[in-house]
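> here's a sequence, model it:
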Amino acid sequence: LGGVSRNAIIGKAHRLNLSAKIKTRSIPIQSNLTHSQNNNTKNEMINKINPNTIFHCAAESFVSPSWSHPTRYMNVNYNGTLNILDALKEKKSKAILHIPGSGEEYGEIYQEELPINPRTVLRPVNPYAVSKVAQDLIGYVYYKSYNLKVIRTRSFNHEGPRREKVFGISWYAYQIAMIENGLMEGPLKVGGIDDRRNFTHVRDIVEAYWISTEKCNPGELYLVGSEDDTSIYTFKEALEKLIKMSTVKKIDYVTEKEFVRPTSVPRLIADTKKFRDKTDWEPKKTFDDILIDTLEYWREKIKNNDHI
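Predicted coordinates for the structure are as follows:
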């Protein structure tokens, strides 16, 4: 989501006539956040920029490699966040820090526990999810201990343009676009496709992140995502809808072992009433918008030979 968030947030500022602030306030920052020896650099950066709001999008966000690299995921997602928090604490900053969590943190959810709410028990089943739980809770610690203005959200599945092709719907759309351009043959290769999710367009999620920094209370946890019945699908249903949208007929798919995760999360459906009541946010785009926009994005990338 990082690249999507960065560009959408800057675009949002332009639409709100904040262009003058873009040069001095809406600044994409690239920095190594994971090493404590770089703390002086981070402190200098915070002092120089003196931010009003920080959208902390830096993360290892693809679940599958986390089993092979659990230390890296904890280092990036937890230590990186901790170093930002320490820099803000040292400056005694009044900046708002948005920490975007993930519905994946809930992990093993039983049918009777749906829909998930902020009090639902966390049972993470992969190292990525554990690192995101740690990231979220250290944010809460610094809110309680040092009164930092930490905004905590957990967003559920979001898809759309600019999502890397390692993620489910983007992976399906990429392969379909490759077949349409004669660059590969079927069948599509997929992993586990039976998990059920409430899907939200990535642009709606970015809008929610922005609004959360304006309207949500620091320290409190807010779940974010579409909860309309028309947004709830399995990955298999999403895949088959994408296939029907293709210009090539009768595309088949096959499950490949290399794409199947050691553990799965069969159901992640959220109750986002708390966030909606606080912000009046509502998703504007439909599930079909997600699929069409993602497929068109990959068609354009491949047409321009910009997909390697």
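> lowest average confidence across helices and strands of the protein, where is it?
helix 19-22 (a mean of 39; mean pLDDT, DSSP states H and E).
> next helix or strand past the helix or strand hosting residue 97?
Per DSSP states H and E, residue 97 falls inside strand 96-102. Heading C-terminal from strand 96-102, the first helix or strand you meet, by DSSP H and E, is helix 127-146.
> quick check: buried residues in that following helix?
127-140, 142-143 (16 or more other Cβ atoms under 10 Å). Quick note: C-beta positions are derived from backbone N, CA and C, even for glycine.
> residues in contact with that helix?
Contact partners of helix 127-146, identified using Cβ atoms under 8 Å, 6 or more residues apart in numbering, comprise 59-63, 66-67, 69-70, 73-74, 76-78, 81-82, 85, 88-89, 97, 99, 101-102, 104-105, 107, 122, 124, 148-150, 152, 154, 218-219, 221.
> same question, stretch 109-120
103, 106, 121, 123, 221-223, 227, 265-271, 274.
> can we see that at 6 Å?
Applying Cβ atoms under 6 Å, 6 or more residues apart in numbering, the set of residues contacting stretch 109-120 from outside is 106, 221, 267, 269, 270, 271.
> how far does it sit from the chain's center?
20 Å (Cα atoms, centre = their mean, to the nearest Å).
> now the end-to-end length of that stretch.
9 Å (Cα to Cα, to the nearest Å).
> and what of stretch 194-203?
End residues of stretch 194-203 are separated by 25 Å (Cα to Cα).
> before we move on, which element is residue 44 in?
helix 39-49.
> and that helix, average pLDDT?
Averaged over helix 39-49, pLDDT sits at 78.
> residue contacts, the nearest residue to residue 287 once chain neighbours are set aside?
Distances taken as Cβ to Cβ, 6 or more residues apart in numbering place residue 231 nearest to residue 287, at 5.2 Å, with adjacent residues excluded. With contact taken as Cβ under 6 Å, 6+ apart, residue 231 is in contact with 198, 199, 287.
> next step: the residues you listed restricted to helices.
residue 287 (DSSP state H).
> quick check, nearest of the contacts of residue 231 to residue 165?
residue 199 (17.1 Å; Cβ to Cβ).
> around that closest one, how many other residues sit close by?
24 (other Cβ atoms under 10 Å).
> now do it against residue 122, distance only.
For residue 199, the distance to residue 122 (Cβ to Cβ, to the nearest Å) stands at 22 Å.
> returning to that earlier point: spatially, which two of the contacts of stretch 109-120 are the most separated?
221 and 267 (20.0 Å).
> give the contact list for the residue nearest to residue 268 when sequence neighbours are not counted.
In space, and not counting its chain neighbours, residue 268 is closest to residue 103: 4.7 Å by Cβ to Cβ, 6+ apart. Taking Cβ under 6 Å, 6+ apart as the criterion, residue 103 is in contact with 154, 156, 268.
> among those, which lie within strands?
Using DSSP state E, the subset of the contacts of residue 103 located in strands is 154, 268.
> now do the helices in the chain.
Using DSSP H, helices in the chain cover 2-15, 19-22, 39-49, 70-74, 80-91, 127-146, 168-180, 202-215, 235-245, 273-279, 287-303.
> and among the ones you listed, the most buried is which?
Mean neighbours per residue, mean count of other Cβ atoms under 10 Å, is largest over the helices of the chain for helix 168-180, with a mean of 23.
> about what we covered before: closest to residue 281 out of the contacts of residue 231?
Nearest member of the contacts of residue 231 to residue 281, counting by Cβ to Cβ, is residue 198, at 14.6 Å.
> let me know the pLDDT of residue 233.
Predicted confidence (pLDDT) for residue 233: 97.
> same question for residue 10.
56.
> likewise the one 4 residues further on?
Residue 14 carries a pLDDT value of 49.
> could you do residue 149 as well?
98.
> same question for residue 306.
Residue 306 is given a pLDDT of 85.
> ok, it to residue 171 distance?
From residue 306 to residue 171 the distance is 17 Å (Cβ to Cβ).
> show me the shaky parts of this protein.
1-31, 35-41 (pLDDT under 70).
> at 80 instead, please
1-42, 307-308 (pLDDT under 80).
> residue 284: how many residues sit nearby?
11.
> which residue, other than its chain neighbours, is closest to it?
Among residues not flanking residue 284 along the chain, residue 204 sits closest, at 5.9 Å (Cβ to Cβ, 6+ apart).
> residue contacts, the one you found?
Contacts of residue 204 (Cβ under 6 Å, 6+ apart): 283, 284, 285.
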